[in-house]
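Novice: Quick one, fold the following:
(4 chains)
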2 protein chains.
Amino acid sequence: MKKQKSELTGICRLQVQGVKDTQDLLSGKWKTVIIAALYNNGKFRFMDLGRHIEGIAPKVLSKELKDLEMNQLVKRTVMDTMPVTVEYELTPHGKSLNKVVEAMGEWGIKYRKSILKK
Amino acid sequence: MKKQKSELTGICRLQVQGVKDTQDLLSGKWKTVIIAALYNNGKFRFMDLGRHIEGIAPKVLSKELKDLEMNQLVKRTVMDTMPVTVEYELTPHGKSLNKVVEAMGEWGIKYRKSILKK
DNA sequence: GAAACTACTTACCAATAGGTAACAGTTATA
DNA sequence: TATAACTGTTACCTATTGGTAAGTAGTTTC
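Specialist: Numbers count the residues shown, from 1 in each chain, chains lettered A, B, ... in the order given. Next up is the predicted model:
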């Protein structure tokens, strides 16, 4: 599409850009769900997280966690236990997504209720 | 992954499920951005929306708008003008995503600032 | 010594998302 | 008359996403 004048104010553009940035970081089917699970639980080991999020394959979980770690939203800690366990938790940066998680969670719950009514 | 006991409370599960539901409805690269643009602007004609959202192709915009319309988040109105123009706007249901849009926008703005500092 | 649990990885495959470019049908404008 | 603007559609292609199934490697339990 050709560029042309836009009547939007700078503040609006900023918010739209913000949404886009957030969206890009949380791309894919699972990242927000993983973050929500960690947000609720604090910590999770790999397998527990995988069991908690129904339908996710280890390969996918592993890849998503790596992405989130790369963007410093999730911290990975290898525990000094036998056998080795690994803990995943949100970084402060990841925790700062609380409003996003809460808003999405709340909206989804209401949405589901409104569907069931019909 | 095999199912096993989960120690999470029902409320947590509910929130995670809510996030998942919302995520599924807003899947893809563009839906949240489109909603944010409509949320800020109120109404948009097809081309204006396409021009406002940098990088989106008409085909993709068309498809995303249809998806959103199908889920009753966006309303499409053909105007009685010559040549025909079409207006897109959020439905009340779409507007109820305000907290999600605001949280994502705000977080993205902060995120961008924190990147620039480094 | 075999099975099971930990945390993944690897190979393979299919569906989808998303992009480009061109075109269609209508109407107004120069 | 031809050009441009409106709202899309169509054909085509590629990269990514996400899924299955199996395997790897270390440790512990039966």
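Novice: Next, residue A:94: phi, psi?
Specialist: phi -60, psi -40 (degrees, to the nearest 10).
Novice: isn't it right next to residue A:35, touching?
Specialist: Yes: contact between residue A:94 and residue A:35 holds when scored by CB atoms under 8 Å: they sit 6.4 Å apart. C-beta coordinates here come from the backbone N, C-alpha and C atoms, glycine included.
Novice: between the two, which one's more packed in?
Specialist: Shown here are residue A:94 and residue A:35; by other CB atoms under 10 Å in any protein chain shown, residue A:35 has more neighbours (25 against 21).
Novice: The more buried one: which element?
Specialist: helix A:31-41 (DSSP states H and E).
Novice: and the helix or strand that comes right after that helix with chain B, contact?
Specialist: For helix A:31-41, the succeeding helix or strand toward the C-terminus, using DSSP H and E, is strand A:43-45. No: Strand A:43-45 stays out of contact with chain B when judged by CB under 8 Å from any CB of the partner chain, the minimum separation being 9.9 Å.
Novice: What backbone torsions are found at residue A:29?
Specialist: Per-residue torsions, residue A:29: phi -80, psi -30 (degrees, to the nearest 10).
Novice: Check chain A for its longest helix and report it.
Specialist: helix A:98-117 (DSSP state H).
Novice: that older thread, hey, what's in contact with both of residue A:94 and residue A:35?
Specialist: When CB atoms under 8 Å, 6 or more residues apart in numbering or on different chains defines a contact, the residues bordering residue A:94 and residue A:35 alike are A:68, A:73, A:74.
Novice: I'd guessed the last one sits against residue A:61; true?
Specialist: No: counting by CB under 8 Å, residue A:74 does not reach residue A:61; the two are 11.5 Å apart.
Novice: Comparing the two, which shows the higher neighbour count?
Specialist: With other CB under 10 Å as the criterion, residue A:74 and residue A:61 differ in neighbour count, and residue A:74 comes out ahead with 23 against 19.
Novice: which residues does the more buried one bridge with?
Specialist: residue A:90 (DSSP bridges).
Novice: Next one: the residue nearest the centre of chain A from DNA strand D, what distance?
Specialist: Nearest residue to the geometric centre of chain A (CA atoms, centre = their mean): residue A:32, 2.5 Å. Here residue A:32 is placed at a distance of 11 Å from DNA strand D (CB to the nearest atom of the strand, to the nearest Å).
Novice: In chain A, which residue sits nearest DNA strand D?
Specialist: Closest approach of chain A to DNA strand D (CB to the nearest atom of the strand) occurs at residue A:82, with a separation of 2.7 Å.
Novice: any idea whether that residue is helix, strand or coil?
Specialist: Reducing the assignment to helix, strand or coil with DSSP: H, G, I helix; E, B strand; the rest coil, the entry for residue A:82 is coil.
Novice: Next one, pLDDT for it please.
Specialist: According to the per-residue confidence, residue A:82 scores 79 in pLDDT.
Novice: and it, how many neighbours?
Specialist: Residue A:82 is flanked by 6 other residues according to other CB under 10 Å.
Novice: show me the contacts for it.
Specialist: Taking CB under 8 Å, 6+ apart, we find residue A:82 in contact with no residue.
Novice: No further questions, thank you.
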